[in-house]
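Student: my questions are about this predicted structure, shown below with the sequence.
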Amino acid sequence: MQKKIRAAPAIIYPESDGEPMAETDTHRDLMIDFIQLLKYFYRNARDVYVSGNLFLYYVEGNPRKVISPDVFVVFGVEKKQRRSYRTWEEGRTPDFVLEVASPKTYTNDIGQKKELYASVLAVKEYFIYDPLGQIIPSFRGWRLVDGAYQEIDFVNNRLPSEVLGLELGEKGEVLRLYDPNRSVWLATPPERAEHAEIRAEHAEVRAEQEANARRSAETRVEQEANARRNAEIRAQSAEEKLANAMAEIERLQSLST
């Protein structure tokens, strides 16, 4: 009697652990803002993937080998929606990682995660930021050099990211991204919307001003035309009066002779 061949059970890679996205509104908002800032910055690049709070599996066949960076960027992979990120399928590990820390997570962020990012995933740049300032120092960054992390020095109160070509720094006590090539802070979606609204308002004002200028020009043209017509009427009247006067003189001269 032949034995039935059973298929090996499929390995399940969970997409969620049921835990909240972040500890506080401040942590969550920072994560979302940073992801949106980077997505917009690389909006025209087809091979840059920006994500965060997504399960990243790094050992095929072992769903326990997983980590969920708060914000990460991978260069050289397709820009598309993913349910999870599996390094053996993508062929790339993250180039940039930002962890939004708290006293509860900092020990893991500075210890086990930092070691994993350096020795296993070879993340080129790793940043830790505490938005509530409960950790001292609250903002640090490292760059991978010969397989080990070296701390990044502040320049103009910002930490430069060679990977992104941007600088991370605080603007109004909120961590943001600065573009040194254009000397500007990257605008968040609400700021871009506000700027677009302001530009639209300015455009409406300019359009109204131009319409007023056209109406004023048309009024001046009409006034000038009226002035010319009035001048022509006055000239014609003067000619008629002169002709009548000359005719009266001729009549009087004829009577005197």
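Tutor: All right, it came through fine.

Student: all contacts plus neighbour counts: C-alpha atoms, from now on.
Tutor: Fine.

Student: quick one: the strands in the stretch 101-250 of the chain?
Tutor: Along the stretch 101-250 of the chain, the stretches classed as strands by DSSP state E, counting those that start in this stretch are 125-129, 139-145, 148-151, 158-161, 166-171, 174-179, 184-185.

Student: list the contacts of the third one.
Tutor: Contacts to strand 148-151, defined as C-alpha atoms under 8 Å, 6 or more residues apart in numbering, come from residues 118-119, 140-144.

Student: and for the shortest one?
Tutor: Outside strand 184-185, the residues that touch it by C-alpha under 8 Å, 6+ apart are 176-179.

Student: so which of those wins on neighbours?
Tutor: Leu177 (25 neighbours; other C-alpha atoms under 10 Å).

Student: surely that one meets Leu166?
Tutor: Yes: shown here, Leu177 and Leu166 form a contact pair, counting by C-alpha atoms under 8 Å, at 6.5 Å.

Student: which secondary element of this structure has the worst mean pLDDT?
Tutor: Among the helical and strand segments of the chain, the one scoring lowest on mean pLDDT, DSSP states H and E is helix 189-256, with a mean of 70.

Student: which one of the contacts of strand 148-151 is nearest Leu159?
Tutor: Gly141 (7.0 Å; C-alpha to C-alpha).

Student: what residues are up against the residue lying closest to that closest one once chain neighbours are set aside?
Tutor: In space, and not counting its chain neighbours, Gly141 is closest to Phe127: 4.2 Å by C-alpha to C-alpha, 6 or more residues apart in numbering. Phe127 sits next to 97-99, 139-142 when contact means C-alpha under 8 Å, 6+ apart.

Student: who wins on neighbours among those?
Tutor: Glu99 (24 neighbours).

Student: what does the strand or helix carrying it contact?
Tutor: Here Glu99 sits within strand 96-100, counting by DSSP states H and E. Strand 96-100 has contacts (C-alpha under 8 Å, 6+ apart) with 27, 30-31, 69-74, 109, 123-131, 163-164.

Student: now the two most distant members of the contacts of Phe127.
Tutor: Farthest pair in the contacts of Phe127, by C-alpha to C-alpha: Val97 and Phe139, 13.4 Å.

Student: pLDDT below threshold where in the stretch 1-150 of the chain?
Tutor: 1-9, 16-22 (pLDDT under 70).
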